[in-house]
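*Asks:* Sequence and predicted structure are below.
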Amino acid sequence: MCRVTPHNGAHNTGVTTIDLRLKDKVAVITGASRGLGAASARLLAAEGAKLVLASRNQADLDKLAAELHSQFGTPVLVVPLDLTQESAADDAVTKTLATFGRIDVLINSAGASQGGLFWELADRVWQESFDLKVMGTIRMMRAVMPTMIAQKHGRIVNIVGNTGLQPSPRLLPGSAANAALLAITRGLGEEAAPHGVVVNAINPGPTKTERWTTLMNRLAQSSGRTIADVEKDYTSQIPLGKLAEPDDIAGLIVFLASDRAANMIGTAITADGGWSKGIG
Ligand SMILES: NC(=O)c1ccc[n+]([C@@H]2O[C@H](COP(=O)([O-])OP(=O)(O)OC[C@H]3O[C@@H](n4cnc5c(N)ncnc54)[C@H](OP(=O)(O)O)[C@@H]3O)[C@@H](O)[C@H]2O)c1
């Protein structure tokens, strides 16, 4: 629950908090073992949601589940899966429904696009980016949709990336995957809205997670430069002058997962420290 400090006398109105109304909601999070997925899981647990944590590494998921259970008493289902496998999303939904009986929220945060000089990137790099981030997100959304439509209620939040709006040199496999996901989010947002299912996206800019560190290491290796120099190429474009913390982004993800975002359809919130230019 986000606390809002009341102005003098505001206690008379009884309006002192923004209640995100996420208590006991069932939220499925992919890419939950670390980074933005794990940060979102912690905030949702603090809000009282029941969680389904999905990614490949069961040990990491079990560790997070134990932390959330002991800190917040959160009921957690751990679902180890590889989202590049076609049946993984349907299996995850079957297990979720068997345990919790409904799905209120889906957060798609699994993704790991690589970067590099365009003329050195093999087919495999492009295919991996699309197989996991684009197809994984499509499969998860397709798998939860019948349940959400039957409930006449659902929230889907796709963690996309500001390079979908402003493609970044040396990050083109991720930029292209992100552009595709923004198009799908926009169109599916309209298709799903009449059924009470709200689909939106977040476009983070560079954020301090393992994915970002791995990306910087690879770009430094392939260009023969230091990691600090490579990272400066990006931070120098950010008016705020620094990388985001996972929590900066997770707060927005949880807001979009809540009923407070009910009037936002197929849109994307950009949170990139001012990197993206333009007003569109
Ligand atoms: N960090 C940034 O700067 C940034 C900026 C813009 C957009 N984004 C996007 O935000 C999303 C999350 O990024 P992050 O920074 O949190 O990355 P991260 O720290 O590397 O986390 C990625 C998550 O995806 C999971 N994952 C990887 N391959 C998978 C597979 N085949 N099947 C299922 N799960 C898989 C990983 O867990 P396992 O290893 O356990 O599978 C992990 O939980 C990504 O889509 C990324 O493109 C990130």
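*Replies:* Cool, the structure landed.
*Asks:* which stretches of this protein form strands?
*Replies:* 2-3, 17-18, 26-30, 50-55, 76-80, 105-108, 154-159, 197-204, 268-271 (DSSP state E).
*Asks:* Of the ones you listed, flag the one that's most buried.
*Replies:* A comparison of those by mean neighbour count, using mean count of other C-beta atoms under 10 Å, puts strand 105-108 on top with a mean of 30. C-beta here means a position set from N, CA and C on the backbone, and glycine is covered the same way.
*Asks:* I'd like the mean pLDDT over it, please.
*Replies:* Strand 105-108 carries an average pLDDT of 98.
*Asks:* can you list the residues of this protein near the ligand?
*Replies:* 30-37, 55-57, 60, 81-84, 109-113, 132-133, 159, 161, 174, 204, 206-207, 209-212 (C-beta under 6 Å from any ligand atom).
*Asks:* Buried subset of those residues as a PyMOL selection?
*Replies:* To isolate in PyMOL the members of these that are buried, counting by 16 or more other C-beta atoms under 10 Å, one can use:
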select buried, resi 30+31+32+33+34+35+36+37+55+60+81+83+84+109+110+111+113+132+133+159+161+174+204+206+207+209+211+212
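*Asks:* Go through the residues of the chain next to the ligand and flag which are in helices.
*Replies:* Members of those lying in helices (criterion: DSSP state H): Gly35, Leu36, Gly37, Asp60, Gly174, Glu210, Arg211, Trp212.
*Asks:* can you redo the residues you listed as TSV with pLDDT?
*Replies:* Below are those laid out as TSV (pLDDT from 0 to 100):
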residue	pLDDT
Gly35	97
Leu36	98
Gly37	98
Asp60	98
Gly174	96
Glu210	93
Arg211	88
Trp212	91
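*Asks:* Export those residues as CSV, with columns for distance to Arg139.
*Replies:* Below are those laid out as CSV (distance: C-beta to C-beta, whole Å):
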residue, distance to Arg139
Gly35, 20
Leu36, 19
Gly37, 16
Asp60, 21
Gly174, 19
Glu210, 23
Arg211, 20
Trp212, 25
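*Asks:* with the residues you listed in mind, which one is nearest to Ala122?
*Replies:* Set against Ala122, the nearest of those by C-beta to C-beta is Gly174 (15.3 Å).
*Asks:* just checking, the closest one touches Gly161?
*Replies:* Yes: if you go by C-beta atoms under 8 Å, Gly174 and Gly161 touch, sitting 6.3 Å apart.
*Asks:* if I look at the two, which residues touch both of them?
*Replies:* The contact sets of Gly174 and Gly161 do not overlap (C-beta atoms under 8 Å, 6 or more residues apart in numbering).
*Asks:* need the contact list for the closest residue to Asn108 other than its chain neighbours.
*Replies:* The shortest distance from Asn108 to any non-neighbouring residue, by C-beta to C-beta, 6 or more residues apart in numbering, is to Thr137 (4.4 Å). By C-beta under 8 Å, 6+ apart, Thr137 lies in contact with Asn108, Ala110, Asn158, Leu181, Ile184.
*Asks:* Thanks a lot, see you next time.
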